[in-house]
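Enquirer: Below are the sequence and a predicted model for it; my questions follow.
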Amino acid sequence: MPALHRLPLLALILAPATLSAQTTEPETIIVTGRGLADQPGDRALDVVTIDRDRITQNASQRLENVLADVAGLQQFRRSDSRSAHPTSQGVTLRGLGGNASSRALLVLDGVPQADPFGGWVVFPAYATGRLGRIRVTRGGGSGFWGPGALAGTIEMDSATPDQLSPLDMALSYGSRHSVDAQGAASLVRDGGFLTVSGTYARGDGFTPIVEGQRGPADRPAPYEQYSGAARGVVGIAPATELQMTLAAFHDARDRGTDFTDNRSDGADASIRLVGRGRWGWSALAYVQTRQFASRYASVNAARTAATLTLDQYNVPATGLGGRIEVSPPLGDAVKLRLGGDIRDTSGRTQELYTYVAGLPTRRREAGGATRTMGLFADSSVEAGALTVTAAARVDDWRIRNGRLDEGVLATGAVLTDTDFPNRSGQKFTGRLGAALRVAQPLILRTAAYRGWRLPTLNELYRPFRAGADATAANAALNPEHVEGVEGGFDLTPAKGVRLSGTYFVNRLTDAIANVTMGRGPGTFPGVGFVAANGVYRIRQNLDAIRSQGFELEANWRYGPLSTRASWSHVDARVGASGNAAPLDGLRPAQTPRDQFSGTLAVEQRGAVLSGTLRHVGRQYEDDQNIRSLAPATTVDAYAAVPVVRGWLIEARAENLADARVEAAYSGTGLIERATPRTLWIGVRTRL
């Protein structure tokens, strides 16, 4: 793949200009702000769509809880972005877990959204009011979307002109002195539109450690988060539109004791050209900048005092990328998408550690860079009742400039000065699927696929701590690969009724997991001192994670009534050997067997009332399946009542029954909970 190494980002942006000049006079094109149309072959896959009404009418007004409508889609921990540590908020599907990096690819208007350094998702960066649609594809490999789409793809689209109001504002006050505000303004004109949106949230927070285990060191964990985005779309030619987006966010959280504050800041910019003439094409370029900082503490056994143990005071990261797609005119029955993409990430962690009398004695700096470049082809063929889809992809990857530097602060003495070898390789992936309409209401579908994921800079170079436990990085990690097959059906037996089911089998080879290697007290490589109640782990490639199960979806609408239900059942098992052999046959950490979400709603004359029941099954906190988190069932509610023209009163309830949702279980038996009952009252206006 030497030619691929020379693929410049500029070519990704400018290549479609030639195609634009060759297009014939198009029909009238509406400026939408979207990319190219969905492929017909998607009907062979397990796809779930969340519409704008559901995105904006939920109890928490947070993206991660909207995504919880799709059973089987999970974060590493059960906490949401008000109390969870940001690094625990990777997303995955189908039980392909084991660590906190995302194994599902999240994109917004075609731009990958995972943190360039760590692969986690900063959910407060996304105001739900700016989103128009979410499509979740379970499985599917990485043919079209590229590296990272191991377990599936989450496509978020910004709102289109027909979904926007000139002014939309909402303000709510909630439990624990919480404030939640969102606003968006839009200007829509012939040939283009402009939107500006923002969100602000803060709260005094709740105490994460459950009642009965708390001590004087424990306190509520406050949060403050805000974000803003501006997006402009304009038609610059009869069949071409220009889309530009600028966005920024700030996210400050706390973990409920002294010295556990963390902060994330970021800014994004993207530009996309979309041609909708006889030749369809798009060209995208983007940049992401991130700044992360976090402190970690050790709490004594009596929980009377917290001591600072690690200060990751600066973790900067940058992501750069581009993508081109071309869709030649091959007739109504054949759709072909050809293209290429590139993504560069770079970052480092700067830390102070080994504290004595409250002062750091050592420093650490570690980081590096990665690059992936790929070429792909994605085709769909419709032949009567049969639709066939095939995708193929070749990627070139590089891990480079890896470095670990450790030293003594007082003397300047060097403890570690290591340059890790550069590595590179190629990956071939793809997907083959078919959908057959055997009768008017019934479609049978099947698909087979292969995907891959490159280790994040975080996994390669950054150690981390969770309470007294410490996990070391591993610069020698290999890329992960998944192979999967699935079969399912889509049934529409009556108007307003849709049922679907999918059975799948996946095998994730070289799965990266946090493997237990020892227990404190003691000093361990890559992390330093681990206390007597702590566990030492290191990131390693396991032989495999084998996952099989089924997913069921049901949707029903009759007049003002609607209901939606989603159930995922997964049997995931680890295959391991060598020093990880004790994990063989166990379940991956933080992987529940069952997840369910069901919503019943009624809409009448502008008023909305809905209730959502969610259940998550028992899951293990640790890789050795010793500590388990109890199953949890929660109920959420949402109500909106119009009072005068354009104004509504909103009432929301999260975890209405105040169920104890266990989010973490330490080696000393301490249990951390997720969001308790939270009640909101507010006002919304659409003008």
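Expert: Structure's in. What do you need?
Enquirer: In a helix, Gly129, correct?
Expert: Yes: counting by DSSP: H, G, I helix; E, B strand; the rest coil, Gly129 is found in a helix.
Enquirer: Hmm, Ser165 and it touching each other?
Expert: No: applying C-beta atoms under 8 Å, one finds Gly129 not in contact with Ser165, separated by 9.8 Å. Bear in mind the C-beta positions are built from the backbone N, C-alpha and C, glycine included.
Enquirer: what touches both of these two?
Expert: Among the neighbours of Gly129, those also in contact with Ser165 (C-beta atoms under 8 Å, 6 or more residues apart in numbering) are Ala184.
Enquirer: Tell me which of those two has more neighbours.
Expert: Using other C-beta atoms under 10 Å as the criterion, Gly129 and Ser165 rank with Gly129 on top: 24 against 16.
Enquirer: Check the more buried one and give its pLDDT.
Expert: Gly129 is assigned 91 on the pLDDT scale.
Enquirer: Pull the contacting residues for it.
Expert: Counting by C-beta under 8 Å, 6+ apart, Gly129 has contacts Thr56, Ala159, Asp168, Ala170, Gln182, Gly183, Ala184, Ser197, Thr199.
Enquirer: measure the third one to Ser186 for me?
Expert: Pointing back at Asp168 there. Per C-beta to C-beta, to the nearest Å, Asp168 is found 8 Å from Ser186.
Enquirer: before we move on, the earlier item: now tabulate the contacts of Gly129 in TSV and tack on pLDDT and distance to Ala653.
Expert: Formatted as TSV, the contacts of Gly129 follow (pLDDT from 0 to 100; distance: C-beta to C-beta, whole Å):
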residue	pLDDT	distance to Ala653
Thr56	92	17
Ala159	91	26
Asp168	93	22
Ala170	96	16
Gln182	95	18
Gly183	94	23
Ala184	93	24
Ser197	95	25
Thr199	96	20
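Enquirer: pretty sure Trp145 is in a helix, no?
Expert: No: secondary structure of Trp145 (three-state DSSP): coil, not part of a helix.
Enquirer: That one: neighbouring residues, count only.
Expert: Trp145 has 25 nearby residues by other C-beta under 10 Å.
Enquirer: I'd say it and Val107 touch.
Expert: Yes: assessed by C-beta under 8 Å, Trp145 is found in contact with Val107 at 7.1 Å.
Enquirer: Mutual contacts of these two, please.
Expert: Joint contacts of Trp145 and Val107 (C-beta under 8 Å, 6+ apart) are Thr153.
Enquirer: Can you tell me who the spatially most central residue of the chain pairs with across the strands?
Expert: Centroid check for the chain by C-alpha atoms, centre = their mean gives Val91 as the closest residue, at 4.3 Å. With DSSP bridges as the criterion, Val91 is bridged to Gln75.
Enquirer: cool, Thr307 as well?
Expert: Using DSSP bridges, the beta-bridge partners of Thr307 come out as Ser298.
Enquirer: any idea how far Ser83 is from it?
Expert: Distance of Thr307 to Ser83, computed by C-beta to C-beta: 22 Å.
Enquirer: can you list contacts of stretch 491-501?
Expert: So stretch 491-501 is in contact with 46, 441-443, 488-490, 550-558, going by C-beta under 8 Å, 6+ apart.
Enquirer: Could you tell me which residues make contact with Val527?
Expert: The neighbours of Val527, taking C-beta under 8 Å, 6+ apart as the test, are Pro463, Arg465, Ala470, Thr471, Ala472, Tyr536.
Enquirer: again, 6 Å this time
Expert: Shown in contact with Val527 (C-beta atoms under 6 Å, 6 or more residues apart in numbering): Pro463, Ala470, Ala472.
Enquirer: out of everything not next to it in sequence, what's closest to it?
Expert: Ala470 (3.8 Å; C-beta to C-beta, 6 or more residues apart in numbering).
Enquirer: Just give me the neighbour total for the one you found.
Expert: Ala470 has 26 nearby residues by other C-beta under 10 Å.
Enquirer: Sketch out the low-pLDDT regions of the stretch 1-150 of the chain for me.
Expert: Residues of the stretch 1-150 of the chain meeting the criterion pLDDT under 70: 1-29, 141-142.
Enquirer: all strands of the stretch 51-200 of the chain, in order?
Expert: Along the stretch 51-200 of the chain, the stretches classed as strands by DSSP state E, counting those that start in this stretch are 74-75, 91-92, 104-108, 111-112, 131-138, 152-158, 167-174, 178-189, 192-203.
Enquirer: Using CSV, lay out these together with distance to Arg253.
Expert: Listed next are the strands of the stretch 51-200 of the chain as CSV, based on distance: least, C-beta to C-beta, whole Å:
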stretch, distance to Arg253
strand 74-75, 14
strand 91-92, 18
strand 104-108, 20
strand 111-112, 23
strand 131-138, 22
strand 152-158, 22
strand 167-174, 17
strand 178-189, 14
strand 192-203, 10
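Enquirer: Does Thr153 touch Arg103 like I think?
Expert: No: under the criterion of C-beta atoms under 6 Å, Thr153 lies out of contact with Arg103, with a separation of 10.9 Å.
Enquirer: picking up where we left off before, so for the residue nearest to Val527, what's the pLDDT?
Expert: So Ala470 comes in at 83 (pLDDT).
Enquirer: now the one 4 residues further on
Expert: Confidence per residue is given as pLDDT, and for Asn474 that number is 92.
Enquirer: Quick check: closest non-adjacent residue to it.
Expert: Arg539 (4.4 Å).
Enquirer: Give me the neighbour count for the one you found.
Expert: 25.
Enquirer: Render the CA-only coordinates of the helix or strand hosting it in CSV, please.
Expert: According to DSSP states H and E, Arg539 maps onto strand 535-541. C-alpha atoms of strand 535-541 as CSV (Å, rounded to 0.1, in the frame of the first residue of the first chain):
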residue,chain,number,x,y,z
VAL,A,535,-5.7,-4.3,42.3
TYR,A,536,-3.0,-4.0,39.6
ARG,A,537,-4.0,-4.7,36.0
ILE,A,538,-2.5,-4.3,32.5
ARG,A,539,-4.1,-3.9,29.1
GLN,A,540,-3.6,-7.0,27.1
ASN,A,541,-4.9,-8.6,23.9
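Enquirer: Check the offset of it from the chain's centre.
Expert: 23 Å (C-alpha atoms, centre = their mean, to the nearest Å).
Enquirer: Over to stretch 182-197?
Expert: Using C-alpha atoms, centre = their mean, the offset of stretch 182-197 from its chain centre is 26 Å.
Enquirer: So for Asp168 and Ser186, which sits in the more crowded spot?
Expert: Asp168 (22 against 19).
Enquirer: what pairs with the more buried one across the strands?
Expert: Ala184, Arg686.
Enquirer: My understanding was that it contacts Gln182; is that so?
Expert: No: using C-beta under 6 Å, Asp168 makes no contact with Gln182, being 7.9 Å away.
Enquirer: Quick check: neighbours shared by these two?
Expert: What both Asp168 and Gln182 touch, as defined by C-beta under 6 Å, 6+ apart, is an empty set.
Enquirer: can you pull the contacts of Gly611?
Expert: Leu600, Ala637.
Enquirer: Could you pull up the mean pLDDT of the one helix or strand it maps to?
Expert: Element membership of Gly611, judged by DSSP H and E, is strand 607-616. Per-residue pLDDT over strand 607-616 has a mean of 97.
Enquirer: model confidence over the biggest strand by length in the chain, on average?
Expert: Using DSSP state E to define each element, the chain has its longest strand at strand 359-383. Confidence over strand 359-383 (mean pLDDT, whole number) is 96.
Enquirer: Output stretch 437-455 in PDB with nothing but the alpha carbons.
Expert: Taking C-alpha atoms only, stretch 437-455 is exported to PDB below (Å, rounded to 0.1, in the frame of the first residue of the first chain):
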ATOM      1  CA  ARG A 437     -39.300  -9.800   0.600                       C
ATOM      2  CA  VAL A 438     -40.900 -13.200   0.800                       C
ATOM      3  CA  ALA A 439     -44.400 -11.600   1.200                       C
ATOM      4  CA  GLN A 440     -45.700  -8.000   1.300                       C
ATOM      5  CA  PRO A 441     -45.300  -7.700   5.100                       C
ATOM      6  CA  LEU A 442     -42.200  -9.900   5.600                       C
ATOM      7  CA  ILE A 443     -38.500  -9.400   4.800                       C
ATOM      8  CA  LEU A 444     -35.900 -11.900   5.700                       C
ATOM      9  CA  ARG A 445     -32.300 -10.700   5.900                       C
ATOM     10  CA  THR A 446     -28.800 -12.000   6.500                       C
ATOM     11  CA  ALA A 447     -25.300 -10.600   6.600                       C
ATOM     12  CA  ALA A 448     -21.700 -11.600   7.200                       C
ATOM     13  CA  TYR A 449     -19.000  -9.100   7.900                       C
ATOM     14  CA  ARG A 450     -15.400  -8.400   9.100                       C
ATOM     15  CA  GLY A 451     -14.200  -5.300  10.900                       C
ATOM     16  CA  TRP A 452     -11.300  -4.000  12.900                       C
ATOM     17  CA  ARG A 453     -10.200  -1.300  15.400                       C
ATOM     18  CA  LEU A 454      -6.800   0.300  16.100                       C
ATOM     19  CA  PRO A 455      -5.900   0.600  19.700                       C
END
